[in-house]
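Undergrad: I would like to see how this sequence folds:
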Amino acid sequence: MILPPATLGLLGGGQLGRYFVIAAHDLGYRVVVLDPDPESPAGRIADTHLASAYDDPAALRYLAESCAAVTTEFENVPAAALQYLSMSVPVRPDANSVAICQNRSGEKGFLKRHGFPHAPYADILDDTDAQDADTGLFPGILKVARFGYDGKGQIHVNSRAEALAAFRHFSSEPCVLEKKLSLEHEISVVLARNEAGETKSFPAAANRHLHGVLDTSSVPPANACLIENAEMMAVEIACRMNYVGVLAVEYFVVSGQLYVNEMAPRPHNSGHYTLDACLTDQFEQQVRVLCGLPLGDTRLHSAATMVNLLGDLWFPDNSGVAREPDWQKLLAVPKLKLHLYGKRHAKPGRKMGHFTVVGEHSGDVERLALAARRAIGIENPGNDDKSPVAAGD
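TA: Modelled structure (predicted):
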């Protein structure tokens with residue numbers, strides 16, 4: 001075990017990293033954050049912030065020499081950086097696991113090899129792949145293999161010609177063409193797995209999207225059998241990867257069947273409800289796995305609905321001038337917890353915070369959360385989750 005007051009390293013300084021730092025501090029650890037943004041939310045509260053590139057040799061040496069273990073808060077860190085650090089300190093999750101999750105093509109290939117259900121797809125690596133794509137994949141979505149999230153890097157296509165045009169729009173970057181599914185809804189499971197192979201799953205969340213970005217997550221979902229299957233499959237995925245760390249698995253539900261959408265080798269936006277509805281949240285669990293501590297209790301003590309707060313709220317009149325939302329309307333709700341991420345500048349579509357409503361009954365909680373989101377000007381949720389897009393971080 002790595003015990004406090006040891007120093008932990010974190011690659012990435014966004015809101016997920018911010019909560020990791022808070023959890024580590026609560027347990028008595030020190031944290032060094034590596035993130036090139038001098039105003040990153042996690043870097044601003046860390047004990048040390050290295051405002052350098054993720055492959056900066058001096059910064060990586062500092063992490064290797066000063067930290068007892070290293071983790072990451074997003075999957076697009078250079079694999080070489082993780083491999084370099086692993087020669088000196090434990091890195092959880094390891095470079096191989098992160099590599100599977102950071103490339104859609106590699107991720108789909110992993111699912112296919114191990115027999116996990118997923119949407120039909122094809123790798124699009126050049127013009128010929130687009131021109132000869134199986135017509136059964138249309139209508140589909142062309143997705144860049146790397147760096148796409150929150151609906152970015154994705155174009156709906158209905159023919160080979162449209163797939164070719166979209167591929168060229170993405171500057172002929174490697175892509176995946178995925179058949180569009182008629183979704184009933186989406187669920188996700190966040191779990192932790194330690195070096196001994198022990199796993200603990202948080203209760204699965206039912207997710208709704210708006211304009212390609214995760215809008216709300218609610219627990220517990222209604223279909224107990226489906227949820228049990230989702231949790232069991234997520235554990236099997238983690239075992240097949242020999243994964244050590246916190247892992248999120250997103251599923252599409254189509255005609256009552258589960259299809260794996262994607263995996264995230266880190267805590268996840270849809271797991272934010274754990275901050276207020278579980279004894280151990282996903283970020284404390286990340287610290288525990290990294291340090292070899294016993295895994296914490298993941299059971300719900302409350303039903304909960306989490307609502308994302310995007311930068312659009314700061315621009316209510318489309319004037320281009322940012323204005324702070326009226327937080328009093330949220331803070332007046334007794335069973336609502338507001339979380340703001342400390343980002344300096346609001347931008348439309350940028351995740352600036354979230355709130356969670358907790359209570360005894362899931363239906364009552366969800367109604368109260370939707371009323372609260374309307375009160376501060378968030379448009380009513382529709383059926384935007386009917387296309388296979390990623391929830392993102």
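Undergrad: what are the buried residues along stretch 103-117?
TA: 103-108, 110-111, 116 (16 or more other Cβ atoms under 10 Å). Using the backbone N, CA and C atoms, a C-beta is placed for each residue, glycine as well.
Undergrad: what does it rub up against?
TA: 99-101, 118, 121, 123, 143-146, 148, 174-176, 233, 236-237, 240-241, 257-260, 262-263 (Cβ atoms under 8 Å, 6 or more residues apart in numbering).
Undergrad: filter these down to the buried ones.
TA: 99-101, 118, 121, 123, 143-146, 148, 174-176, 233, 237, 241, 258-260, 262-263.
Undergrad: the residue nearest to residue 285 when sequence neighbours are not counted bridge partners, please.
TA: Once flanking residues are discounted, residue 285 sits nearest to residue 192: 4.6 Å by Cβ to Cβ, 6 or more residues apart in numbering. Going by DSSP bridges, residue 192 is paired in beta bridges with residue 200, residue 246.
Undergrad: distance of residue 305 relative to residue 363?
TA: 10 Å (Cβ to Cβ, to the nearest Å).
Undergrad: can you pick out the residue with more neighbours from the two?
TA: Using other Cβ atoms under 10 Å, the more surrounded residue of residue 305 and residue 363 is residue 305, with 30 against 12.
Undergrad: which elements pack onto the host helix or strand of the more buried one?
TA: Using DSSP states H and E, residue 305 sits within strand 303-310. Contacts defined by 3 or more Cβ pairs under 8 Å, 6 or more residues apart in numbering; DSSP states H and E place strand 303-310 against strand 213-219, helix 274-277, strand 351-359, helix 362-375.
Undergrad: between strand 351-359 and the longest one, find me the angle.
TA: Between the direction of helix 362-375 and that of strand 351-359, the angle (axes from the mean of the first three to the mean of the last three Cα atoms, to 10 degrees) works out to 140 degrees.
Undergrad: are we agreed that residue 171 is in a strand?
TA: No - remark: residue 171 does not belong to a strand; assigned using DSSP: H, G, I helix; E, B strand; the rest coil, it is coil.
Undergrad: report the contact partners of the closest residue to residue 296 other than its chain neighbours.
TA: In space, and not counting its chain neighbours, residue 296 is closest to residue 280: 2.8 Å by Cβ to Cβ, 6+ apart. Neighbour list for residue 280: 274, 288, 295-298 [criterion: Cβ under 8 Å, 6+ apart].
Undergrad: name only those of those residues that count as buried.
TA: In those, the ones that pass as buried (16+ other Cβ under 10 Å) are 274, 288, 295-296, 298.
Undergrad: quick check, nearest of those to residue 354?
TA: residue 274 (12.0 Å; Cβ to Cβ).
Undergrad: angle of the longest helix seen in the chain against strand 213-219?
TA: In the chain, taking DSSP state H as the definition, the longest helix is helix 224-240. Using the same axes, to 10 degrees, the inter-axis angle of helix 224-240 relative to strand 213-219 is 110 degrees.
Undergrad: can you give me how far helix 224-240 is from the chain middle?
TA: 17 Å (Cα atoms, centre = their mean, to the nearest Å).
Undergrad: what's next to it, contact-wise?
TA: Here helix 224-240 has contacts from 110, 114, 116, 187, 189, 191, 193, 197, 199, 201, 203-204, 220-221, 243, 247, 249, 251, 253, 256, 258, 260, 263, using Cβ under 8 Å, 6+ apart.
Undergrad: fine by me, we can end here.
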